[in-house]
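> Predicted model follows, preceded by the sequence.
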Amino acid sequence: MKSKLIVAAAAACVAFSAQAADVAKGEQLAQAQCAACHGKDFASPIDPSYPKLAGQYVDYLEKALRDYQTGARKNAIMAGLAKPLSRADIKDLAAYLSRLPGPLDNAKR
Amino acid sequence: MNLTRLLLAALVATLPLTAVAQDKKAVSAAADGAAPVSMCIGCHSIPGYQASFPQVYRVPKIGGQSQQYIETVLKDYRQGNRSHPSMVSVAKGLTDQQIAAVAAYYAARGK
């Protein structure tokens, strides 16, 4: 009985902290701020030295944006774009980009 | 006495030659597309593989990225523009030719 209560309380905490990402907001933000360089479909960047983002892992995309914010990853353009993003913005962007179809793969062939 | 010296000198003289030969082998291996990817596949060729240090997240899919982007990333790690401990040590051990070969290998492995 008591353990059930604890489990319920823990579940409530998880639900509260893991705020669901808003994919539609992510799409808006991505098309406004990122598409000019990374491509409208995010699989055809305007410069080959820029990454394709469509279909990339959501947690890696979040980490990349956080690293640009902190300076752990250094790139003048990306630092300027990432700095003003909130935690929610980053979650929304990553959720949208990771759901797009794209050529990225990591299976051994 | 004199003979030993002579032998030693001869041995020393051949050393630079073998070093050059090995260098040439490495370059032509890279040109042939024999990329040194043994250091990459343990993480980057396992779908869903998670990095656990210093942060937990899935390591990025790199198959199908452009060759130029992968080269940029490896050189960024080598120069210290990015800071993942294992990627820094891998990248520091690669020559420009090896980086190009690894990048070409993964660029050709998209969906």
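Thanks, I have it.

> Tell me if I'm right that A:Ser49 and B:Gln68 touch.
Yes. Under the criterion of Cβ atoms under 8 Å, A:Ser49 makes contact with B:Gln68 at 4.4 Å. Any C-beta I mention is one placed from the backbone N, CA and C, and that applies to glycine too.

> Is chain A within reach of stretch B:47-55?
Yes. For a cut-off given as Cβ under 8 Å from any Cβ of the partner chain, stretch B:47-55 has contacts with chain A, namely B:47, B:49, B:55.

> When A:Ser49 and B:Gln68 are compared, which one has more neighbours?
More neighbours sit around B:Gln68 than around the other of A:Ser49 and B:Gln68, counting by other Cβ atoms under 10 Å in any protein chain shown; the figures are 16 against 13.

> What helix or strand is that one located in?
Assessed by DSSP states H and E, B:Gln68 sits inside helix B:67-79.

> And chain A, is that helix touching that?
Yes. Legend: contact between helix B:67-79 and chain A by Cβ under 8 Å from any Cβ is shown at B:67-69, B:71-72, B:76.

> Which residues belonging to that helix are considered buried?
B:67-78 (16 or more other Cβ atoms under 10 Å in any protein chain shown).

> Need those residues in TSV (columns: pLDDT).
Putting the buried residues of helix B:67-79 into TSV (pLDDT from 0 to 100) gives the following:
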residue	pLDDT
B:Gln67	98
B:Gln68	98
B:Tyr69	98
B:Ile70	98
B:Glu71	98
B:Thr72	98
B:Val73	98
B:Leu74	98
B:Lys75	98
B:Asp76	97
B:Tyr77	98
B:Arg78	97
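
> Throw the residues you listed into a markdown table and include distance to A:Asp22, thanks.
Shown next, in a markdown table, are the buried residues of helix B:67-79 (distance: Cβ to Cβ, whole Å):
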| residue | distance to A:Asp22 |
| --- | --- |
| B:Gln67 | 35 |
| B:Gln68 | 33 |
| B:Tyr69 | 28 |
| B:Ile70 | 32 |
| B:Glu71 | 35 |
| B:Thr72 | 31 |
| B:Val73 | 29 |
| B:Leu74 | 34 |
| B:Lys75 | 36 |
| B:Asp76 | 31 |
| B:Tyr77 | 33 |
| B:Arg78 | 38 |
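
> What lies in contact with stretch A:35-43?
A:30-31, A:34, A:45-47, A:50-55, A:77, A:97, A:100-103 (Cβ atoms under 8 Å, 6 or more residues apart in numbering or on different chains).

> Output the set of residues of chain A in proximity to chain B.
Counting by Cβ under 8 Å from any Cβ, the residues of chain A that sit close to chain B are A:45, A:47-52, A:55-57, A:59-60, A:62-63, A:67, A:72-75, A:102-109.

> for chain B, which spans come out with low pLDDT?
Within chain B, the segments meeting pLDDT under 70 span B:1-33.

> Could I get the contacting residues of the residue nearest the centre of chain A?
With distances taken as Cα atoms, centre = their mean, A:Ala94 lies nearest the centre of chain A, 1.8 Å away. With contact set as Cβ under 8 Å, 6+ apart, A:Ala94 has these partners: A:21, A:26, A:58-59, A:61-62, A:65.

> one more time with 7 Å, if that's ok
A:Ala94 makes contact with A:58, A:61-62, according to Cβ atoms under 7 Å, 6 or more residues apart in numbering or on different chains.

> Appreciated, that's everything.
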